[in-house]
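>>> Pasting the sequence and the predicted coordinates here, then a few questions.
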Amino acid sequence: MDGSRADDSNSAPDAARMYNQIYPVEFPAAPAARRTCGRRGRAGAHAVKLEGGIEVLPQVEKLANSGIPVMAHIGFTPQMEHQLGGYRVQGRGDDAQRLIDSAKAFEAAGAFAILIEMVPGDVGRAITEAVSIPTVGIGAGNQCDAQVLVWQDMAGLRTGRMPRFVKQYADLRSVLHTAARDFALEVGAGTFPGAEHTF
């Protein structure tokens with residue numbers, strides 16, 4: 001859930017809505033974080049997702065202890081792309097144990113689930129086996145408890161090179177492009193709106 005939007009609970013009343021907490025811009029200190037996350041809850045979010053490693057462990061613990069459900073996000077964390085050396089797979093070689101240890105620490109701190117992004121499949125499996133809370137994979141192999149894709153990628157709204165883990169199930173960009181082109185052509189030709197679209 002984007003914090004700039006009002007409550008969107010009417011669009012999918014049975015879906016869990018997650019607020020993606022911006023770190024460190026909106027996360028300067030734990031009291032401010034609790035206030036920010038509390039506002040997100042009043043806006044319709046059921047939980048907050050927080051990206052990072054052990055450095056955000058105190059915030060996860062404080063939020064969880066304050067009654068705010070937290071999903072930890074490990075592996076590739078887009079908000080920290082430059083600190084990670086660019087858009088690349090995490091958890092290879094000796095770095096795998098760091099991610100496993102981070103997952104265990106987040107569970108102990110009170111996270112209710114862990115999102116694992118862009119790690120080798122065996123690392124996604126090892127993390128899932130190491131914790132008792134649910135894991136959600138995005139480019140982490142098929143052994144996580146659940147899977148997620150960015151809907152714009154999954155539905156084919158983006159163009160260009162897609163990450164290896166993305167599967168596009170539709171080509172909505174072409175559908176929307178065709179619809180917009182046809183609309184503009186009909187308006188330009190004066191055929192829309194027609195009599196059937198006029199009161």
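Great, that's in hand. Residues are numbered from 1 along each chain as shown.

>>> Just give the number of residues close to Val70.
Applying other C-beta atoms under 10 Å, we find 26 residues neighbouring Val70. C-beta: built from backbone N, CA, C; applies to glycine.

>>> Gly67 and Phe112: what is the separation?
12 Å (C-beta to C-beta, to the nearest Å).

>>> Just say helix, strand or coil for Leu63.
helix (DSSP: H, G, I helix; E, B strand; the rest coil).

>>> Now it: closest residue in space, sequence neighbours ignored.
Val70 (5.0 Å; C-beta to C-beta, 6 or more residues apart in numbering).

>>> Would you mind listing the residues in contact with that neighbour?
By C-beta atoms under 8 Å, 6 or more residues apart in numbering, the contact list for Val70 reads 47-50, 60, 63-64, 110-112.

>>> Can you list phi and psi of it for me?
Per-residue torsions, Val70: phi -120, psi 130 (degrees, to the nearest 10).

>>> hey, what's it bridged with?
When bridges are called by DSSP bridges, Val70 pairs up with Val48.

>>> domain ranges for this structure?
The record's domain parsing of the chain by automatic domain parsing lists 1-148, 150-199.

>>> since we're on Phe76, how many residues are nearby?
Phe76 has 23 neighbouring residues, counting by other C-beta under 10 Å.

>>> Am I right that Asn20 sits in a strand?
Yes. Using three-state DSSP, the secondary structure at Asn20 is a strand.

>>> Please work out the average pLDDT along stretch 168-186.
Confidence for stretch 168-186, expressed as mean pLDDT, is 96.

>>> re the thing from before, between Gly67 and Phe112, which has more neighbouring residues?
Remark: of Gly67 and Phe112, Phe112 carries more neighbours, 14 against 10, as counted by other C-beta under 10 Å.

>>> contacting residues around the closest residue to that one other than its chain neighbours?
Closest residue to Phe112 apart from its sequence neighbours, by C-beta to C-beta, 6+ apart: Pro69 at 5.1 Å. The contact partners of Pro69, by C-beta under 8 Å, 6+ apart, come to 46-48, 112.

>>> Can you tell me which of those is closest to Pro193?
His46 (41.8 Å; C-beta to C-beta).

>>> Mind pulling up the pLDDT for the closest one?
At His46, the pLDDT recorded in the model is 85.

>>> How confident is the prediction for the nearest residue to it once chain neighbours are set aside, by pLDDT?
Spatial nearest neighbour of His46, chain neighbours left out: Ala16 (4.9 Å); criterion: C-beta to C-beta, 6+ apart. Looking at Ala16, its pLDDT reads 70.
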